[in-house]
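[1] My questions are about this predicted structure, shown below with the sequence.
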Amino acid sequence: MRFQQASVFTRALVIIMTLGVLAGCKVTADDIETWKGTVKGPRKICAVLGSDRYPVELRAQAGLALVQMERPIDIQNGEGERTGAEVLRETLQRIDDYEVRKAIVAEMTPGVLAQLADSERPQTEEEDENISGPPPTQVQAKDCAFVIANPNMSQRDTRNQLIDAIVAWYVADFNRRNLAGIFTARQVISSLGSRAASQLVEALNARLPAQTLQQIAQLIQQVGDAETKNTAAERLVAIQREMEGEEFITWIENEMRSRRSADAPERTAEQNRAAAMLNQNNMIGGAIVAMKTLAGAEPIANRMLEIAENTNASVERRNQALLALDGNAPRSGLQRLLRLATDRQGDPNVRTTALNLISELRDRDALPGLWPLVRLTGSSDMEMRERGQATQSALIIAGSDGVAEVLAQLPTGRDARYRASELEGYALAISQMNPAPTAVMQAQLASGNWWSRVLGLLYLQHAGTEADASRLQGLANDSGATAGPDFGELNTVGKVATHALTQMRERLSSAANTENANGTEAAADAAGGDA
């Protein structure tokens, strides 16, 4: 705190002393231009900008001088160098009259915009934009424009002009400009809001590096309004389609040739083509990652489903497209997802991902489409796995009120075979439902199907109380055989019942011990508090 007070005092003293010097003579625009090149000039410039002794036009000229100064500025006798943007912000913030401050900024703005758009000054070899980014004068203008685009600094019309110019500057070459200056594109766009995000859409193009494409999409998602997000989604879809075209591959081939060093070995046309197609595949993958950011928008959701349905596309690409819809699966796409999930000739990974997306929707209209998988009677690992995944999805969708409906679809009869892990998965999922369908699961214990009784026992193992012990004990002598590949020693319903009772009591005992320990700890804390 003392340091801050001293710093404020020092700045005030500098300004007072400088004003004393300036008071004895008339300051002109020529003086300000001269001061830009002197050691003590910046202090004088700040004094003019911050003083109500001078007309708004001259104070604006002083502010613009700070924008034009490329060198670091030290206005406090060795206390630290800062950029013109930082000094400009500090000086403007000390102007108490809100309307005067905005008037100065309005007067400055045309000069700031001109410097930001300036492309006439030739760049030196060190400043070649292809190597190191935009000219320092433009970077400085961008930072200063961002400073004065603050609502506390500028009126709405002026602010909108500044926002449009800043974003246009980024759009011209986002990849080389997004980290330029003391404020990054992320900081700038996040602060400037939806107007900036709406214009940033123009920066999206197929030839950006994947990471840049993803950064822009993230910014639009974070800051943009619904219309902007939808527009960006449409543009990303167009970009992804463009990447699949022949012209895009040709562009990649040309880029690779232009970047190949003179001493690199020559490649055949076939090798060039193969390398270009590999790069194309990677760039499409990167575009889909960017699209995932805006997957809640209808254009992208539809495009992801199109890719997933395209059997000519690679399995990896189809599955990637579905994974991009995680958390954003459209209800309008339910039937398309069901076709993918139930296509038993399709790839298992695609089917599994489609089932997961269907589960997320929790739409009961999906249940009839899942029944063919839930009813699978085959005993192969693949069929049991498919049935298990479909039944788990159906249980998630149906909820506690629909458990009986789902269980009624499972295959019955003496020949029905189930993995122990499959029934355990169902029981665990059902035990976690709220409200708990206890009555439905207790009723399973009286079923004529061995697997129904086992399912009821496993449910009570996870969710039963001591009051259910007699139900478990009542099946301890059940000689019904379990029919599945991983039951091991639990080869009868009775053995499952005995095991389930042991597991239930261990769970209840552990919970009681934990509750007692927590109670003792709470009592000790209360006693300590009383003391």
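    Yep, it's here. Residues are numbered from 1 along each chain as shown.
[2] any idea how far Pro437 is from Leu428?
    Applying CB to CB, to the nearest Å, the value for Pro437 to Leu428 is 13 Å. Every C-beta, even on glycine, is put in place using the N, C-alpha and C of the backbone.
[3] ditto for Leu458
    8 Å.
[4] Check Gly285 too.
    Separation of Gly285 from Leu428 (CB to CB): 35 Å.
[5] okay, Leu458 and Leu428: which has more neighbours?
    The neighbour count for Leu458 versus Leu428, taken as other CB atoms under 10 Å, is higher for Leu458 (25 against 15).
[6] My read is that the more buried one contacts Leu501, right?
    No. Counting by CB atoms under 8 Å, Leu458 stays clear of Leu501, with 11.5 Å between them.
[7] what separates the longest helix along the chain from the chain centre, distance-wise?
    Looking across the chain with DSSP state H, the single longest helix is helix 493-530. In terms of CA atoms, centre = their mean, to the nearest Å, the centre of helix 493-530 is found 41 Å from the chain centre.
[8] Now do it: which elements does it pack against?
    helix 450-463, helix 469-474 (3 or more CB pairs under 8 Å, 6 or more residues apart in numbering; DSSP states H and E).
[9] and the first one, what other elements does it pack with?
    Packed against helix 450-463, as judged by 3+ CB pairs under 8 Å, 6+ apart, are the following elements: helix 420-431, helix 438-443, helix 469-474, helix 493-530.
[10] Then the last one?
    In this structure, helix 469-474 packs against helix 450-463, helix 493-530, with contacts taken as 3+ CB pairs under 8 Å, 6+ apart.
[11] Leu278 - how many residues pack around it?
    Neighbours of Leu278 under the rule other CB under 10 Å: 11.
[12] same deal with Gly425?
    Neighbours of Gly425 (other CB under 10 Å): 17.
[13] so it makes contact with Gln392?
    Yes. Here Gly425 reaches Gln392: they are 6.4 Å apart, a contact under CB under 8 Å.
[14] Show me the common contact partners of those two, please.
    Common contacts of Gly425 and Gln392 (CB atoms under 8 Å, 6 or more residues apart in numbering): none found.
[15] Low-confidence ranges, the stretch 101-250 of the chain, go.
    For the stretch 101-250 of the chain, the stretches flagged by pLDDT under 70 are 119-132.
[16] if we go to 50?
    120-130 (pLDDT under 50).
[17] quick one: the helices in it?
    Taking DSSP state H, counting those that start in this stretch as the test, the helices found in the stretch 101-250 of the chain are 129-132, 136-148, 156-172, 174-177, 185-192, 194-200, 210-223, 226-243, 246-259.
[18] if we compare those, which one ends up closest to Ser421?
    helix 210-223 (38.5 Å; CB to CB).
[19] helices or strands next to that closest one in the packing?
    Applying 3+ CB pairs under 8 Å, 6+ apart, one finds that helix 210-223 contacts helix 174-177, helix 185-192, helix 194-200, helix 226-243, helix 269-293.
[20] would you turn these into a markdown table with distance to Ile396?
    Shown next, in a markdown table, are the helices and strands packed on helix 210-223 (distance: least, CB to CB, whole Å):
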| stretch | distance to Ile396 |
| --- | --- |
| helix 174-177 | 42 |
| helix 185-192 | 36 |
| helix 194-200 | 35 |
| helix 226-243 | 28 |
| helix 269-293 | 23 |
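[21] nearest to Asp52, of those helices?
    helix 185-192 (28.9 Å).
[22] Pull out the buried positions in that closest one.
    By neighbour count on 16 or more other CB atoms under 10 Å, the buried set for helix 185-192 is Ala185, Val188, Ile189, Leu192.
[23] Might one say that the third one is in contact with Ser198?
    Translated: Ile189. No. Assessed by CB under 8 Å, Ile189 is found out of contact with Ser198, at 10.4 Å.
[24] Pull up the overlap in contacts between those two.
    Among the neighbours of Ile189, none is also in contact with Ser198 (CB under 8 Å, 6+ apart).
[25] Count the residues that sit near Trp169.
    Trp169 sits with 23 neighbouring residues when counted by other CB under 10 Å.
[26] Please report how far it lies from Gln271.
    For Trp169, the distance to Gln271 - CB to CB - is 40 Å.
[27] Tell me who's in contact with Gln335.
    Counting by CB under 8 Å, 6+ apart, Gln335 makes contact with Gly369.
[28] That one in helix, strand or coil?
    Using DSSP: H, G, I helix; E, B strand; the rest coil as the criterion, the local structure at Gln335 reads helix.
[29] Can you get me the start-to-end distance on stretch 475-490?
    In stretch 475-490, first residue to last residue: 13 Å (CA to CA, to the nearest Å).
[30] Leaving out chain neighbours, which residue sits closest to Thr377?
    Distance criterion CB to CB, 6 or more residues apart in numbering; nearest residue to Thr377, sequence neighbours excluded, is Pro411 at 4.4 Å.
[31] for Gly327, that is, sorry about that
    In this structure, Gly327 finds its nearest non-sequential neighbour in Glu360, 6.8 Å apart by CB to CB, 6+ apart.
[32] show me what contacts the one you found?
    Counted by CB under 8 Å, 6+ apart, Glu360 has contacts Asp326, Gly327, Ala329.
[33] and it, what helix or strand is that in?
    Under the criterion of DSSP states H and E, Glu360 resides in helix 348-361.
[34] buried set for the helix or strand just after that helix?
    Once helix 348-361 ends, the next helix or strand along the chain (criterion: DSSP H and E) is helix 367-374. Buried residues in helix 367-374, counting neighbours by 16+ other CB under 10 Å, are found at Leu367, Gly369, Leu370, Leu373, Val374.
[35] One more: stretch 55-73?
    56, 58-69, 73.
[36] Stretch 198-207 now?
    Buried residues in stretch 198-207 (16+ other CB under 10 Å): Ser198, Gln199, Leu200, Val201, Glu202, Ala203, Leu204, Asn205, Ala206.
[37] Output the below-cut-off pLDDT ranges for this protein.
    1-10, 12-21, 23-24, 120-130, 531.
[38] out of everything not next to it in sequence, what's closest to Trp251?
    The shortest distance from Trp251 to any non-neighbouring residue, by CB to CB, 6+ apart, is to Arg207 (7.1 Å).
[39] rewinding a little: got the angle between the helix holding Glu360 and helix 367-374?
    Here the directions of helix 348-361 and helix 367-374 differ by 140 degrees (axes from the mean of the first three to the mean of the last three CA atoms, to 10 degrees).
[40] Which residue ranges make up the domains of the protein?
    What the record gives for the chain is the domain set 1-119+135-175, 193-256+271-294, 304-360, from automatic domain parsing.
[41] Endpoints of the last one, how far apart?
    Between the opening and closing residues of domain 304-360 we find a distance of 16 Å, counting by CA to CA.
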